[in-house]
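> No letters, just coordinates:
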């Protein structure tokens, strides 16, 4: 079993930045993919980015690539999401997820965190 815990969310003004963290514990496989998603009220869960564990290669939702950066620290079993130039439409619950075959589709992930709220005020 894998447990994921997100942190770093909060209230920020438009144009500001936040750095989200996700700590993983439990049975971590060396080739697991880590991903970030978000879900706003009344909307479907939306892919943000993923990062592979072995080669640190990344893949982004094109609409967020310019402002968001995913990174990971395998020694700490952690993944991060740096978010810059935040907009009110970025308001959502942000989730990290992991799985052996992650992709831009939520169904490809096996484990999810509980989420952290990000609210961007105008």
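Perfect, I can see it now. Here the structure is a predicted model, which means the values were calculated and not measured.
> quick one, phi psi at the nearest residue to residue 113 once chain neighbours are set aside?
Distance criterion CB to CB, 6 or more residues apart in numbering; nearest residue to residue 113, sequence neighbours excluded, is residue 4 at 3.6 Å. For the C-beta atoms, the positions are set from N, CA and C on the backbone; glycine is no exception. Main-chain dihedrals, residue 4, degrees, to the nearest 10: phi -120, psi 130.
> mind checking how far residue 4 is from residue 85?
Per CB to CB, to the nearest Å, residue 4 is found 26 Å from residue 85.
> which of the two has more neighbours?
The neighbour comparison of residue 4 against residue 85 (other CB atoms under 10 Å) goes to residue 4, with 23 against 12.
> residues touching the more buried one, list them.
22-24, 96-98, 111-114 (CB atoms under 8 Å, 6 or more residues apart in numbering).
> for this protein, which spans come out with low pLDDT?
29-30 (pLDDT under 70).
> Helix or strand: which one has the residue nearest the centre of it?
Nearest to the mean C-alpha position of the chain, counting by CA atoms, centre = their mean, stands residue 36 at 2.3 Å. Here residue 36 sits within strand 33-39, counting by DSSP states H and E.
> What is the distance between that strand and the centre of its chain?
Distance of strand 33-39 from the chain centroid (CA atoms, centre = their mean, to the nearest Å) equals 4 Å.
> which outside residues touch stretch 107-115?
1-6, 22, 33, 35, 39, 93-102.
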